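1. quick one, fold the following:
(chains A and B)
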Protein chains: 2
Amino acid sequence: MPGVYVGVDVGGTKVLAGVVDAQGHVVRQARRATPGRRVEVRHVEDALDAAVREAADGEPIAGVGVAAAGFVDAGGERVMFAPHLPWQGERVRDRLAERWGVPVALDNDATCAALAEWTYGAARGASSAIVVTMGTGIGGGVIIDGLLVRGHNGMAGEFGHMQVVPGGRPCECGGRGCWEQYSSGNALVRDARERLGELPSLLEEACGGDPDLITGSMVGDAAEEGDLVARHAFESVGDWLGVGLANLVAAFDPEVVVIGGGLSAAGDRLLEPARHALVRSLVGAPHRDVPAVVTALLGPSAGLVGAAELVRRQERR
Amino acid sequence: MPGVYVGVDVGGTKVLAGVVDAQGHVVRQARRATPGRRVEVRHVEDALDAAVREAADGEPIAGVGVAAAGFVDAGGERVMFAPHLPWQGERVRDRLAERWGVPVALDNDATCAALAEWTYGAARGASSAIVVTMGTGIGGGVIIDGLLVRGHNGMAGEFGHMQVVPGGRPCECGGRGCWEQYSSGNALVRDARERLGELPSLLEEACGGDPDLITGSMVGDAAEEGDLVARHAFESVGDWLGVGLANLVAAFDPEVVVIGGGLSAAGDRLLEPARHALVRSLVGAPHRDVPAVVTALLGPSAGLVGAAELVRRQERR
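-> Numbering: from 1, shown residues only, chains lettered A, B, ... in the order given. Have a look, this model is predicted:
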């Protein structure tokens, strides 16, 4: 079927749609606010529809891929649960396919981002890769032997809730000591807040004296300017990143590890401590090629690029 | 080529060889002591040779699979390092193929055990599975989308050295807080020793008053007779088993989890606490099929059966 492929990334705060060409480039993009969790399902689907139509800009649509910030079932048909969206077991794929009259593919946003980085980005050409998406929490995706791993329930790659500290920090998931409580955007902010007062810091002025107002980008900016509180926060989050990666590398033994998501903009400030912790913590490090830990290449559009790739591959089969 | 397929499992204490038929049954078995680490490589290979010849019993050999307790490289050619064997980067596969004049396949023992359980045992028919081998330590193997995962270095499935307690118990690998320090045969014995004196226990008499003489089978026997110290040790090791499994299930999302190795003989005494801890610790448990945690079916010959299967598959290709 002729026409353009559209990917749409449905996150907790925004819906981002884009037309993606066969080289993985985003040709045209559109955005809507996510209506939130306490609305009817059709309001979220209306926002998707509006963003997709604006991105397509009147061109015929060959297929739409949807990347959702939530659990997607093994068949890629339903969103089982999404912390910031009203979907709870809805057959999202079929509802949207009917609405648009075109093929739709659906998967978890971090899984889509992994597919995008593997097809067009930092894991291109690798036969195996782990892609860790660091935003407010941690998402993940896995490629093994040239295949995107989905898992028996479609839930493979839920790295953020692997326990790294028994009885540690409480997590929104109900568990304790989850990895994302120690290494994520939220963990960065928390760490910086806790360090305030240890040393003089630019963050005190940036937050107007109220540590609750500190954001991830404030910590990033302060670190850029040499602020030690902010830099130490990055070192801690980066170190925990490497500790968790060592566990993943022990289990999967991938060729490369890609770090994406908002926090990856910090580059080596995050990745250098992670690389050190990985080598320190990894079993058999002297007897193996330790995988490179590299920054994702596709930035904030990785999810929608991967979603478009998903439906493109589906139609190619 | 006509003839029998032989599998040989080279462990820290014994070399176990067996002729394996096309249904995965061990037709004839032979055993030798492992010469140890501080001998010349040819002495270990002589022991393999003797065990394989005795098992074959004069029948022509179509191929030999070797399961080694150590790191095997990605090509399945060399044993890079083995804690209880003298191999250090030797081209074991080619050396043995030359010696015997038949095709040889080589892999890690836990990977071979996983292949055996998937082909003939408790994971038969599953499209994805995790097989955890609990002996003195923890070994593992992974099947995803109908493929045995080897990893970029051939080291996938090294679950025993995933860190579960930051700064925890020191491990032979040089790390701290490795999973196998909390859940394994060694961990069971250690736990029972530490609990001696808390309650009266059959283990005091069994070890003749010297806790250093307690063995895993003593703890197993005492638990069988209702001894509370022994039962609590199993509960602790089983609970830690489930905590670690929750991390693996979050990452891989397998259809089934198989527990093998010597410790799996304890059956539900080990697996019941593990199942509880898995459900308690696993992210999104209410939104997914939590995989069954089942006992391996092939017992101590899993490694050699898998090794024979490896060379049989290689020849079939």
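2. right, and A:Val293 touches A:Leu245 too?
-> Yes. Here A:Val293 reaches A:Leu245: they are 6.8 Å apart, a contact under CB atoms under 8 Å. Every C-beta, even on glycine, is put in place using the N, C-alpha and C of the backbone.
3. can you list residues touching both of the two?
-> Residues touching both A:Val293 and A:Leu245 by CB atoms under 8 Å, 6 or more residues apart in numbering or on different chains: A:Val257, A:Ala274, A:Leu278.
4. so which of the residues you listed are in strands?
-> In strands, defined here by DSSP state E, the members of the shared contacts of A:Val293 and A:Leu245 are A:Val257.
5. roughly how far does A:Leu270 sit from A:Phe234?
-> 6 Å (CB to CB, to the nearest Å).
6. and what of A:Asn153?
-> 34 Å.
7. now swap in A:Asp191 and tell me
-> 9 Å.
8. quick one: which of those two has more around it?
-> Set side by side, A:Asp191 and A:Phe234 show more neighbours around A:Phe234, with 24 against 21, by other CB atoms under 10 Å in any protein chain shown.
9. mind checking the SS state of the nearest residue to the more buried one once chain neighbours are set aside?
-> Leaving aside its chain neighbours, A:Phe234 sits nearest to A:Arg269 (4.9 Å; criterion: CB to CB, 6 or more residues apart in numbering or on different chains). The local conformation at A:Arg269, judged by DSSP: H, G, I helix; E, B strand; the rest coil, is helix.
10. A:Arg269 is in contact with A:Ala223, isn't it?
-> Yes. Assessed by CB under 8 Å, A:Arg269 is found in contact with A:Ala223 at 6.0 Å.
11. tabulate the shared contacts of A:Val293 and A:Leu245 (CSV), appending neighbour count and distance to A:Pro60.
-> Putting these into CSV (neighbours: other CB atoms under 10 Å in any protein chain shown; distance: CB to CB, whole Å) gives the following:
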residue, neighbour count, distance to A:Pro60
A:Val257, 27, 39
A:Ala274, 26, 44
A:Leu278, 25, 47
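12. ramachandran angles for the residue lying closest to A:Asp289 once chain neighbours are set aside?
-> Sequence neighbours aside, B:Asn153 is the residue nearest to A:Asp289 in space, at 5.7 Å (criterion: CB to CB, 6+ apart). Taking degrees, to the nearest 10, you get phi -100, psi 10 for the backbone angles of B:Asn153.
13. number of nearby residues for B:Asn153?
-> 22.
14. my guess is it meets B:Gly75, correct?
-> No. Using CB under 8 Å, B:Asn153 makes no contact with B:Gly75, being 10.2 Å away.
15. intersection of neighbour lists for the two?
-> Common neighbours of B:Asn153 and B:Gly75 (CB under 8 Å, 6+ apart) do not exist.
16. all strands for the stretch 1-150 of chain A, in order.
-> A:4-10, A:14-20, A:26-33, A:61-68, A:71-72, A:79-81, A:104-108, A:129-134, A:138-144, A:147-148 (DSSP state E, counting those that start in this stretch).
17. with distance to chain B as added columns, please give these in JSON lines.
-> Supplementary listing: those in JSON lines, determined by distance: least, CB to the nearest CB, whole Å:
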{"stretch": "strand A:4-10", "distance to chain B": "18"}
{"stretch": "strand A:14-20", "distance to chain B": "23"}
{"stretch": "strand A:26-33", "distance to chain B": "26"}
{"stretch": "strand A:61-68", "distance to chain B": "13"}
{"stretch": "strand A:71-72", "distance to chain B": "5"}
{"stretch": "strand A:79-81", "distance to chain B": "5"}
{"stretch": "strand A:104-108", "distance to chain B": "11"}
{"stretch": "strand A:129-134", "distance to chain B": "9"}
{"stretch": "strand A:138-144", "distance to chain B": "6"}
{"stretch": "strand A:147-148", "distance to chain B": "6"}
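18. which stretches of the stretch 151-300 of chain A have low pLDDT?
-> When residues are selected by pLDDT under 70, none of them lie in the stretch 151-300 of chain A.
19. residues of it that sit close to chain B?
-> A:151-166, A:173, A:175, A:178, A:243, A:246-248, A:250-255, A:281, A:283-284, A:287-289, A:291 (CB under 8 Å from any CB of the partner chain).
20. which PyMOL command selects the buried ones in those?
-> PyMOL command restricting those to the buried ones, with burial defined by 16 or more other CB atoms under 10 Å in any protein chain shown:
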select buried, chain A and resi 151+152+153+154+155+156+157+158+159+160+161+162+163+164+165+166+173+175+178+243+246+247+248+250+251+252+253+254+255+281+283+284+288+291
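21. which ones among the residues of the stretch 151-300 of chain A next to chain B lie within helices?
-> A:Val243, A:Ala246, A:Asn247, A:Leu248, A:Ala250, A:Ala251, A:Phe252, A:Ser281 (DSSP state H).
22. residue of the stretch 51-200 of chain A nearest chain B, please.
-> A:Gly151 (2.6 Å; CB to the nearest CB).
23. that residue contacts B:Phe252, doesn't it?
-> Yes. Using CB under 8 Å, A:Gly151 is in contact with B:Phe252, at 6.5 Å.
24. pull up the overlap in contacts between these two.
-> Common neighbours of A:Gly151 and B:Phe252 (CB under 8 Å, 6+ apart) are B:Ser128.
25. nearest residue to the residue in the stretch 201-317 of chain A that chain B sits nearest to in space, ignoring adjacent ones along the chain?
-> Of all residues in the stretch 201-317 of chain A, the one sitting closest to chain B is A:Asp253 (2.6 Å; CB to the nearest CB). Ranked by CB to CB, 6+ apart and with sequence neighbours excluded, the top spatial neighbour of A:Asp253 is B:Gly151, at 2.6 Å.
26. ok, that neighbour to B:Arg317 distance?
-> 20 Å.
27. quick one: distance of stretch A:108-120 to the chain centre.
-> Centroid separation for stretch A:108-120 versus its chain: 9 Å, with CA atoms, centre = their mean, to the nearest Å.
28. what is the mean pLDDT for that stretch?
-> What stretch A:108-120 shows for mean pLDDT is 97.
29. just to revisit the earlier point, the more surrounded of A:Arg269 and A:Ala223?
-> A:Ala223 (24 against 18).
30. contacting residues around the residue lying closest to A:Arg38 once chain neighbours are set aside?
-> Leaving aside its chain neighbours, A:Arg38 sits nearest to A:Pro86 (7.2 Å; criterion: CB to CB, 6+ apart). By CB under 8 Å, 6+ apart, the contact set of A:Pro86 is A:Gly36, A:Arg37, A:Arg38, A:Val39, A:Glu40, A:Val41, A:His43, A:Val44.
31. residues near the third one, how many?
-> In other words, A:Arg38. A:Arg38: 6 neighbours (other CB under 10 Å).
32. quick one: it from chain B, how far?
-> With distances taken as CB to the nearest CB, to the nearest Å, A:Arg38 is found 19 Å from chain B.
33. domains in chain A, as residue ranges please.
-> A:4-115+A:301-316, A:124-296 (automatic domain parsing).
34. is it possible to get a markdown table of those that adds distance to B:Asn108?
-> Below are the domains of chain A laid out as a markdown table (distance: least, CB to CB, whole Å):
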| stretch | distance to B:Asn108 |
| --- | --- |
| domain A:4-115+A:301-316 | 27 |
| domain A:124-296 | 11 |
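35. out of those domains, which gets nearest to B:Arg28?
-> The minimum distance between B:Arg28 and the domains of chain A falls on domain A:124-296, with 34.7 Å, by CB to CB.
36. gap between the two ends of that closest one?
-> 11 Å (CA to CA, to the nearest Å).
37. cool, stretch A:214-229 as well?
-> Using CA to CA, the two ends of stretch A:214-229 sit 12 Å apart.
38. next one: it to chain centre, how far?
-> 22 Å.
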